[in-house]
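K.L.:
what would the 3D arrangement of this be:
(4 chains)
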2 protein chains.
Amino acid sequence: MAKTSTWDLWTMHFQLVMAVMAEVAPRVRELGLENKEFLLLAAVDAHSSPAELARAMMLPKPSITFMVKRMEAAGYVRRASEPDDARRFKLTLTPSGRRAMESAREVLETVFGERVGRLPASQRTELSRLIRAMLNEGELH
Amino acid sequence: MAKTSTWDLWTMHFQLVMAVMAEVAPRVRELGLENKEFLLLAAVDAHSSPAELARAMMLPKPSITFMVKRMEAAGYVRRASEPDDARRFKLTLTPSGRRAMESAREVLETVFGERVGRLPASQRTELSRLIRAMLNEGELH
DNA sequence: AAGAGATAGTTTCACATTGAACTACCTCCT
DNA sequence: AGGAGGTAGTTCAATGTGAAACTATCTCTT
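P.N.:
Purely as a prediction, here's the structure:
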């Protein structure tokens, strides 16, 4: 096997992520969600305010404003103002929001799991370690 | 280190790709390109017709139509109709298009290379093999 | 040779996205 | 206390996006 350049490695990563998203999209749409909306719902537990979501999802703030509005209108998200800080809103999934998110997550786990499943368990662990090393901020710690 | 679930592994992959794109975007914009436009230019050599680009980039055909128009207006892409098939267009980068694409690619290689560089060479090779296995269609070969 | 079906690319149109500018609120410093 | 500077979230306006429907061309079948 030829040596893989940085560019080729990037291209493969990118293609993998895009391929999974593209494969997931129609099945998630049947659940009444767009991919990005699903990812937002999946992030709400860990990042329960719009500003945090914007940072975590690397999207501009207005995008979050509009997506949250849609998800609220769909009855998937509830917004409560934080008593401690009147600028902030605390977002929580409604029961139906959680159901929708979990169904979509199962779709993604099936699709991505098929690909991950091609690797033996030891290599899966190794992959996870390698990606984590590339993900962590800077060369800190 | 705890066992990494399929979902967590997905999330890390996704974050990695998004983080790189987000880091690259402003520096590519200084070159007069949006990320997607840069990726289109980078794909033109290998996929020299709009329909092929749509498949390779997993974007709908109209998106390609408009992006190609913009890139043509910017003087980065030339369109020539194929003599064999009057429906088709053959796209080629102009010299300035190639320069722009290569500058942008250098930015990406710098940004992604910083992350890849955290791994020793042997692990880079391993990573490349693992991603390739997950990327290839079905369980062929 | 004729037409059924596929493919390349475009247009339309409704909606999504996002940079810039804004309001409101909070925190820190003096 | 007061005001400078920061953060949360929204609004606005311009642009991007993509599903559906379209035209034009090609290919296959008979």
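K.L.:
quick check: closest non-adjacent residue to residue A:104.
P.N.:
For residue A:104, the nearest residue in space outside its immediate sequence neighbours is residue A:38; the separation is 4.1 Å by C-beta to C-beta, 6 or more residues apart in numbering or on different chains. Every C-beta, even on glycine, is put in place using the N, C-alpha and C of the backbone.
K.L.:
did I read that right, the one you found in a strand?
P.N.:
No. If the criterion is DSSP: H, G, I helix; E, B strand; the rest coil, then residue A:38 is helix and not within a strand.
K.L.:
grab the most central residue of chain A for me.
P.N.:
residue A:39 (3.8 Å; C-alpha atoms, centre = their mean).
K.L.:
go ahead and confirm that one touches residue A:57.
P.N.:
Yes. Contact between residue A:39 and residue A:57 holds when scored by C-beta atoms under 8 Å: they sit 6.6 Å apart.
K.L.:
from residue A:6, how far off is residue A:56?
P.N.:
In this view, residue A:56 and residue A:6 are 26 Å apart by C-beta to C-beta, to the nearest Å.
K.L.:
no wait, residue A:13
P.N.:
According to C-beta to C-beta, residue A:13 and residue A:6 sit 11 Å apart.
K.L.:
who's more crowded, those two?
P.N.:
With neighbours defined as other C-beta atoms under 10 Å in any protein chain shown, residue A:13 and residue A:6 compare such that residue A:13 has more, 23 against 19.
K.L.:
what segments of chain A are strands?
P.N.:
Read by DSSP state E, chain A holds these strands, from start to end of the chain: A:77-81, A:89-93.
K.L.:
closest one to residue A:62 among these?
P.N.:
In terms of C-beta to C-beta, the element of those nearest to residue A:62 is strand A:89-93, at 14.9 Å.
K.L.:
so which bits of chain A are right by DNA strand D?
P.N.:
A:49-52, A:61-62, A:64-66, A:68, A:85, A:87-89 (C-beta under 7 Å from any atom of the strand).
K.L.:
what sits closest to residue A:124 if chain neighbours are left out?
P.N.:
Using C-beta to C-beta, 6+ apart, the closest residue to residue A:124 is residue A:116 (6.1 Å).
K.L.:
now do the helices in chain A.
P.N.:
All helices of chain A, identified by DSSP state H, fall at A:6-29, A:35-44, A:50-57, A:61-73, A:95-116, A:121-135.
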